[in-house]
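Trainee: Sequence below, structure please.
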Amino acid sequence: MRLHLGCGQRYLDGYVNIDFPESEHMVTVRRPPDRYADIADLRFEKATVDEVRLHHVFEHFARPQACAFLVAWRSWLKPGGKLRLEVPDFKRTTLAMFNPVSGLHGECVGARHLYGSNEAPWAVHFEGWTTRRLSFILRSLGYRKVGVRHNHWRGTYNLEVFAERTPDDLSDGEARRSVQAFLDLFLVDHTDFETTLLEEWLGQYESQLARCIALTGDSSGG
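Mentor: You can find the predicted model right below:
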């Protein structure tokens, strides 16, 4: 089983293509997905999925949610199963935006690429990923980084990460500690206010994980 989550206009043969119902889209979808669902509520049985693939979807989720997805998807994947993520390249897009030759139009296109097209409530980006940060959290959560490919299209810059699930088990406690260490990097300091933020983020992580963590015997897909 190969999953293409948040497929939008890009239907891939050989995958189970999953996306919101058409009522959530402002632009008519050329080919309907195989399944309508909120990917935040998907659940699959442990070690039953060969590949999880997303193109310009991962950045639509807040940092704690994104971490929860990586843990859940790893549990769905078979050992050696593949994860493929494509997101806007925050670093390269930002540099291009403020290149003097880009002009105001180039800056505006770059801003749209980083923050979303905004035509619907879901069309907003919550995170700007870089190769370093994405590689770090993947390794921390039990993925082997297979490779990174950079591409660009009409003034927008992207990075595509290819990773695979390691054969080792990852306990709930190990995953939470790795997520906590990652989220801790976003704290300005360790005052009471900042540490309270960290606890809130961890609560959001656990809430999302409870929605999509693999359940034995449940392969309904939500």
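
Trainee: which residues in the chain form helices?
Mentor: 63-76, 90-97, 103-115, 131-140, 172-184, 192-212 (DSSP state H).

Trainee: Give me whichever of those is most buried.
Mentor: helix 63-76 (a mean of 24; mean count of other C-beta atoms under 10 Å). C-beta here means a position set from N, CA and C on the backbone, and glycine is covered the same way.

Trainee: hmm, who's touching it?
Mentor: Contacts with helix 63-76, where a contact means C-beta atoms under 8 Å, 6 or more residues apart in numbering, come from 3, 40, 44-49, 52, 58, 61, 83, 126-127, 137-138, 141-143, 165, 170, 175, 179, 182-183, 186, 201-202, 204-206, 208-209, 212-214.

Trainee: redo that, cut-off 6 Å
Mentor: Helix 63-76 is contacted from outside by 44, 46, 49, 52, 127, 141-142, 165, 175, 179, 201, 204-205, 208-209, 212-214, using C-beta atoms under 6 Å, 6 or more residues apart in numbering.

Trainee: Show me where this protein dips below the pLDDT cut-off.
Mentor: Residue ranges of the chain with pLDDT under 70: 23-29, 214-222.

Trainee: The residue minimising distance to the centre of the chain: what's it in contact with?
Mentor: The centre of the chain sits closest to residue 58, judged by C-alpha atoms, centre = their mean, with a distance of 2.5 Å. Residue 58 makes contacts with 85, 87, as judged by C-beta under 6 Å, 6+ apart.

Trainee: what about 8 Å?
Mentor: 66, 69, 85, 87, 127, 129.

Trainee: so which of those residues comes closest to residue 9?
Mentor: Nearest to residue 9 among the contacts of residue 58: residue 87, at 17.1 Å, using C-beta to C-beta.

Trainee: OK, contacts around the closest one?
Mentor: So residue 87 contacts 56, 58-59, 129, 134, 158-159 (C-beta under 8 Å, 6+ apart).

Trainee: Out of the residues you listed, which is nearest to residue 22?
Mentor: For the contacts of residue 87, the minimum distance to residue 22 (C-beta to C-beta) is 18.6 Å, reached by residue 56.

Trainee: any idea what sits nearest that closest one, other than its immediate chain neighbours?
Mentor: Once flanking residues are discounted, residue 56 sits nearest to residue 86: 6.1 Å by C-beta to C-beta, 6 or more residues apart in numbering.

Trainee: where does that neighbour sit relative to residue 142, distance-wise?
Mentor: Distance, residue 86 to residue 142, using C-beta to C-beta, to the nearest Å: 21 Å.

Trainee: do the same with residue 150
Mentor: Relative to residue 142, residue 150 is positioned 25 Å away (C-beta to C-beta).
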